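Asker: below are the sequence and a predicted model for it; my questions follow.
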Amino acid sequence: MLHFEDFPVGKRFDFKPAEVKAEDVIAFASEFDPQPMHLSEDGGRASILGGLAASGWHTSAMMMRMLCDSYIRETASEGSPGVDSMEWKKAVLAGDTLSGSCTVVDARVSRSRPEIGIVRLRAVVTNQRGETVAICDYANMIRCRSIEELVAGEKP
Amino acid sequence: MKLSDLHPEGTRETIGEVTFTAKDIIHFAEKFDPQPFHLDAELAKQSLFGGLCASGWHTCAGWMKCFVPYWMDEMKRLAAEGIVAPKLGPSPGFKDMRWLRPVFAGDTITYSVTFVAAKALESRPGWRINTILCEGENQDGQPVIRFESKVIEFP
């Protein structure tokens, strides 16, 4: 299990590539963002996005899944207080393959809760052409190693 | 008509509400945010949140779920009055998103939008970038989410 101490500035986690399936784009949009460019190929072509395009919220959710799979699921994570910024740089179209990485940009222990560290990361999501489709600056609360774990870690 | 004519600066509009059932929370989390406090009520009790709660991205998506039908109704209402509605395009993103409180299973979130400012795009005559404040509060009137979004407006 990774703890706060395992997140020095500069530490990077790579995303496993994930295909954006048309049916998933349409399913997400039908539930949360039913606009024509997210619901059909024709609707997408008629828009400035140029094809069946994922809702920005769907892209965000897919990024979250890649974050979970790259490090969060093996981390003593306690959630996030928020996102400083999210830029949707380019349309994410059905058939695209997303990948990318996230990198630690700041790490400090919480003043009010010294057992929790606040790690700031930048996630960059790219498509199969290496183009950046989204950039997200966010914070992750991660538990610090307990004294017991620190002591256990020192043993040969 | 421009968005800034329709909604003077600082006007807050309620756009709808979403109830987050345990089933919906778990369904979203299984797909996009599989962390224990979004998946399992028992495990969630041991987390800082203290109970099963929605992924923050689910809470955001709830805002959009309300905004789209709200805006479609607005366009119909304006058309009925003979007014050409502002032409809104895709959003380039958002900033200062704060998940202020957990959204627990069973909570009903009421979402709102406040028009903040419009800026002309120098590179594209007639185009504007609007800044809107998006918020949600729970059934006890406590704020749970707040973010500032950008919306492109075409001439």
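Answerer: Now that the structure is in, tell me what you want to look at. Numbering: from 1, shown residues only, chains lettered A, B, ... in the order given.

Asker: which bits of chain A sit near chain B?
Answerer: A:28, A:31-35, A:37, A:47-49, A:55-57, A:60-62, A:64-65, A:68, A:72-73, A:77-89, A:91, A:116, A:141 (C-beta under 8 Å from any C-beta of the partner chain). To be clear about C-beta, it is placed using only N, CA and C from the backbone, and glycine gets the same treatment.

Asker: what about 7 Å?
Answerer: Neighbours of chain B within chain A, by C-beta under 7 Å from any C-beta of the partner chain: A:31-35, A:48-49, A:56-57, A:60-61, A:64-65, A:68, A:72-73, A:77-88.

Asker: tally of neighbours for B:Ala79?
Answerer: Residues lying near B:Ala79 (other C-beta atoms under 10 Å in any protein chain shown) number 11.

Asker: over to B:Arg98?
Answerer: The local packing of B:Arg98 (other C-beta under 10 Å) involves 17 other residues.

Asker: confirm that it sits in a strand.
Answerer: Yes: assignment of B:Arg98 by DSSP: H, G, I helix; E, B strand; the rest coil places it within a strand.

Asker: so what's the residue nearest to it when sequence neighbours are not counted up against?
Answerer: Leaving aside its sequence neighbours, B:Arg98 sits nearest to A:Gly82 (C-beta to C-beta, 6 or more residues apart in numbering or on different chains; 4.2 Å). Applying C-beta atoms under 7 Å, 6 or more residues apart in numbering or on different chains, one finds that A:Gly82 lies in contact with A:Ala139, B:Met97, B:Arg98, B:Trp99.

Asker: rewinding a little: type out the PyMOL command that picks the buried ones from the residues of chain A next to chain B.
Answerer: Only the buried entries of those go into this PyMOL selection, using 16 or more other C-beta atoms under 10 Å in any protein chain shown:
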select buried, chain A and resi 31+32+33+34+35+49+56+57+60+61+64+65+68+72+77+78+79+80+82+83+85+86+87+88
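
Asker: the helices in chain B, which residues?
Answerer: In chain B, the segments counted as helices under DSSP state H are B:3-6, B:22-32, B:36-39, B:41-45, B:56-80.

Asker: only the buried residues of the fourth one, if you could.
Answerer: I take that to be helix B:41-45. Residues B:Ala44 are the ones in helix B:41-45 that count as buried (16+ other C-beta under 10 Å).

Asker: just checking, what packs against that helix?
Answerer: If you count contacts as 3 or more C-beta pairs under 7 Å, 6 or more residues apart in numbering or on different chains; DSSP states H and E, helix B:41-45 packs onto helix B:36-39.

Asker: by neighbours, which of the contacts of A:Gly82 wins?
Answerer: Top of the contacts of A:Gly82 by neighbour count (other C-beta under 10 Å): B:Met97, with 25 neighbours.
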